[in-house]
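[1] starting from these lines, generate the structure:
(chains A and B)
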Amino acid sequence: MTMPPGSEALSRLQMAGIRKRFGSTHALRSVSLEVARGEVHALIGENGAGKSTLMKILSGAEKADAGIMKLDSQSYQPRGPQDARLRGVAMIYQELALAPHLNVEANVMLGLEESRWGFIRGGAHRHRVREALALLQHPEIHPEAPVMRLSPAACQLIEVARALVVDARVIVFDEPTSSLTRADTNHLFSLIHRLKTRGVSIIYISHFLEEVQRIADRYTILRDGQTVGSGSAAAATLEGIIEKIVGRSIHDLYPRVPHHLGAPVLQVQMLGGKILPSRADLTLHQGEILGIFGLVGAGRTETLRALYGLDPLLAGEIQVLGRFDTRSTPRRRIARGFGFLSEDRKKEGLALSQSIADNLTYSRLGTYLHAGWLSLARRKTAVVSWLERLGIQCREPDQRVVELSGGNQQKVVLARLLHQQADILLLDEPTRGIDVGSKAEIYRLIGELAAQGKAIIFVSSYLPELLGICDSLAVMARGRLNPSRPVAEWTAEQIMAAATGGGVS
Amino acid sequence: MNPIEIGSTSPEPSLSGSSAKWRGIDFWSAFGPYLGLSVVLLLFCYFTWQRGDLNRFLSVSNFKLITVHTTITATVALGMTMIMISGGIDLSVGYVVSLVTVTMMLTYRLAFEQPWRQLFHHHFEFDIPYSDFLAQSPSVWAIVAGLLTGGFTGLANGMLITRLKVVPFVVTLGMMGVARGLARYLTKGTPIVFPESAQPPRWVPALGAIEPDPPWLGVGPSVWSVLLLAVVVAAILRFTVLGRYCFALGSNEATARLCGINVERTKVILYTLAGLLTAWAGILQFARSRAGLHDVQAGLELDVIAAVVIGGGSLTGGEGTVTGTLVGALMITVLSNGCSKLDLPMEFRFVIIGMIIIGVSAVNTWRQRRLT
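    The predicted model follows:
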């Protein structure tokens, strides 16, 4: 049931000419978004396109510099997240925003407590929470269950319940399926459908375009802080949407550097970790770019960490250059030519408050030792040459890493791996949170490294980039990683089915 | 249109692992503190029995002694429970207790002796009349001064933490130094006692008593005061908005902010309440030592944090109970009491408490890992 767009009477939310600057960067140049009553509206765009800034403005967490917002034809200027929530705009966050130690009821009513003389009116709370859970058709969730013990899907429902107790008119879902199983995703979709029938407007943010086509009535695409397209989801094609998201044709974004495959360098059989992975098999060749696709929580990161010796192994065997070398530590792995790029650049990948030179050389400081002392001058020369080779833009090697852009930070991590002379690169979401231009550079860099004979595992939850640059691709679902197949043998539908289904086990 | 009817023909299957298991009470968090206390009691019973003087340890009079000796740690620990649940910490408590005894005794003496009369007489040859109003109730002024001292340091802690955005560890460490220095400056390093011309007021020995008068009270009035405060704090944590915000802050401060909770105000209130509880501990100390002592409770923070941690509290916030804390505080006192009954040196006690803190935290970490 698609709503006729633009009709004033049915319009629930209008955002027009929204601008926002952070310092010197324009996060939003001129964005407009219109959502009708009872409509599921997909908001699409790359990381950094401005989706989250726009949603922060909508939910009151940020203030727009300019622009008009109207909710049900009335001026809407929330003073803060709580004000927005009370006016009927609720946000379901990607990282679940719950207090794990509190129970369901306390979480749902957090900030909305009904009280007399400071004492909570428990009866009134329970009634409202029960009502909301009944609306969600999940009365089996006990209001007094501690949230810590609930599954991600149940936590998400509690956030939705949080929206329902205030009779939300607009609910924003930010990447809601990224941590859900396929069955829970189906539940979520039927829930969204029910909310929609009640007249609630849904703004749905997702990277999974197939999902968008399945559930959305209309869509709006953002790129570089601007609205670059919108329309009816049913009428749009996948290619058309991708081109608008990326802003260039797919060939420019994924430059292919010719390279060829050599002998196997890493063979993994039936690898099992403490919880994840449950079973991982793969073979990586010299000069190969092997993509691993999977949803968040499928066990991709855990597999890489186990390979690198960061997480304990319970089962399986690992062969490096033909020799069995299953149990290890990061230190020994580095010595054998491994390099690991963490998905969490800010917390794990880099020591943000330290200098570029430090971050680049931590893993092989030994080469600059001279009678027990660090030869800083020699190190500086080496660092400068790496900065030039990777095109890292910075003032000086002693600049703190935190001052660099996301793309340049990621290049510092890559430079560290190269500096430690890694030949087997384990890259976990290397393009997360960086702009399109930097992505293209990183893709090219990875291609060049493969051409030099390095073996690369590229983990990503963004399918187009894997299809764009990988030689072979493996899919991970629910802890299970099956051997890779050449990219040409996959279709996008097969990959999605394998990633979301995985029900063979 | 009734929304509940829509599609309700087939209720959805329950979510994977959503709610089935939580009803089983977590054994360790519910009974762990009691178990620990029982083990310690049994161990001391065994060792004293071996030495042939079980009666010295396991007796009604020793029980009364232990409960009264627990009161100061327990009172401060009640405030610390709230603070630690909210994700904070207060290192200043020990010297604040000392400072409270000092300000109380100074105020008592001021109200009683009214030394400004002599000053005026000397400098201006002007006689101010002796104020009966002040002299009649020096205890009231002393208690007010004590409560103000504790409340104000708590308020200052809260304001500094929220306004300057400095972590509680550092702010309260600084406050510890301030209280320590002030107490020493005010006493010039020597104990100050009641004026020679006056007996301590009646409430002082009564409140500090180990054998209560009347005897049907069973345990000293200080113990009853702590139990009453414990009920109040437990009620605050369980039934008030403040209590709920306290848990929310410690569990996930970002979420609390997102839900419109005034994080700063909540913290200031919590630290002030804790400061007032510390002040009551100071009053109990005053009644016990009958003097203003500048370093009487140095090192109390270790005992108090240990009590909260033994009782299930966590240094990362979100967890803690009043009953657990009381049991923890009792355990600390039993340890020092038992050590003295076994003629072990006092220093031994610090070693044991230190090891218990580490051990309990290790067990908790292990439990957390097992649960997730």
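
[2] what is the neighbour count of the residue in chain B positioned nearest to chain A?
    Using CB to the nearest CB, B:Gly260 is the residue of chain B that sits closest to chain A, at 2.4 Å. (C-beta placed from N, C-alpha, C; glycine too.) Residues near B:Gly260, counting by other CB atoms under 10 Å in any protein chain shown, number 19.

[3] that one contacts A:Gln82, correct?
    Yes - counting by CB atoms under 8 Å, A:Gln82 is a contact partner of B:Gly260 at 2.4 Å.

[4] show me the strands in the stretch 101-250 of chain A, by range?
    Taking DSSP state E, counting those that start in this stretch as the test, the strands found in the stretch 101-250 of chain A are A:115-116, A:119-120, A:170-174, A:201-205, A:218-223, A:226-232.

[5] okay, those in CSV with mean pLDDT next?
    Formatted as CSV, the strands of the stretch 101-250 of chain A follow (pLDDT from 0 to 100):
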stretch, mean pLDDT
strand A:115-116, 87
strand A:119-120, 88
strand A:170-174, 91
strand A:201-205, 93
strand A:218-223, 90
strand A:226-232, 89
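
[6] which neighbours do B:Gly260 and A:Gln82 share?
    Counting by CB atoms under 8 Å, 6 or more residues apart in numbering or on different chains, the contacts common to B:Gly260 and A:Gln82 are A:Gly111.

[7] for B:Thr107, which of the strands of the stretch 101-250 of chain A is the nearest?
    Relative to B:Thr107, the nearest member of those by CB to CB is strand A:119-120, separated by 34.9 Å.

[8] helices and strands around that closest one, which ones?
    Other helices and strands packing on strand A:119-120, by 3 or more CB pairs under 8 Å, 6 or more residues apart in numbering or on different chains; DSSP states H and E, are helix B:241-251.

[9] pretty sure B:Met105 contacts B:Thr190?
    No - contact criterion CB under 8 Å: B:Met105 and B:Thr190 do not qualify, at 11.7 Å.

[10] run a quick neighbour tally on the residue in the stretch 151-300 of chain A positioned nearest to chain B.
    Across the stretch 151-300 of chain A, the shortest distance to chain B (CB to the nearest CB) belongs to A:Ala154, at 3.8 Å. Residues lying near A:Ala154 (other CB under 10 Å) number 23.

[11] pretty sure it contacts A:Ile141?
    Yes - under the contact definition of CB under 8 Å, A:Ala154 touches A:Ile141, with a separation of 6.1 Å.

[12] tell me the SS of B:Leu302?
    Under DSSP: H, G, I helix; E, B strand; the rest coil, B:Leu302 falls in the helix class.

[13] tell me the contacts of the residue of chain B closest to chain A?
    A:Gly80, A:Pro81, A:Gln82, A:Asp83, A:Arg85, A:Gly111.

[14] quick check, pLDDT for the third one.
    In the prediction, the pLDDT value recorded for A:Gln82 is 85.

[15] tally of neighbours for it?
    The burial count for A:Gln82: 20, using other CB under 10 Å.

[16] figure out the helix or strand that it lives in.
    A:Gln82 is located in helix A:81-87, with elements delineated by DSSP states H and E.

[17] now the strands of the stretch 101-250 of chain A in a markdown table, with mean neighbour count and distance to A:Val401?
    What follows is these, written out as a markdown table (neighbours: other CB atoms under 10 Å in any protein chain shown; distance: least, CB to CB, whole Å):
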| stretch | mean neighbour count | distance to A:Val401 |
| --- | --- | --- |
| strand A:115-116 | 12 | 47 |
| strand A:119-120 | 18 | 46 |
| strand A:170-174 | 24 | 27 |
| strand A:201-205 | 25 | 29 |
| strand A:218-223 | 23 | 27 |
| strand A:226-232 | 17 | 30 |
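
[18] let me know the pLDDT of residue 98.
    All of this refers to chain A. A:Leu98 is given a pLDDT of 88.

[19] you looked at the wrong chain, it should be chain B
    B:Ser98 carries a pLDDT value of 96.

[20] what packs against whichever strand or helix holds it?
    B:Ser98 belongs to helix B:93-113 when assigned by DSSP H and E. On a contact count with 3+ CB pairs under 8 Å, 6+ apart, helix B:93-113 meets helix B:60-85, helix B:132-136, helix B:138-163, helix B:168-187, strand B:192-193, helix B:263-289, strand B:291-292, helix B:300-310.

[21] what does the second one rub up against?
    Contacts with helix B:132-136, where a contact means CB under 8 Å, 6+ apart, come from B:Ala111, B:Phe112, B:Gln114, B:Trp141.
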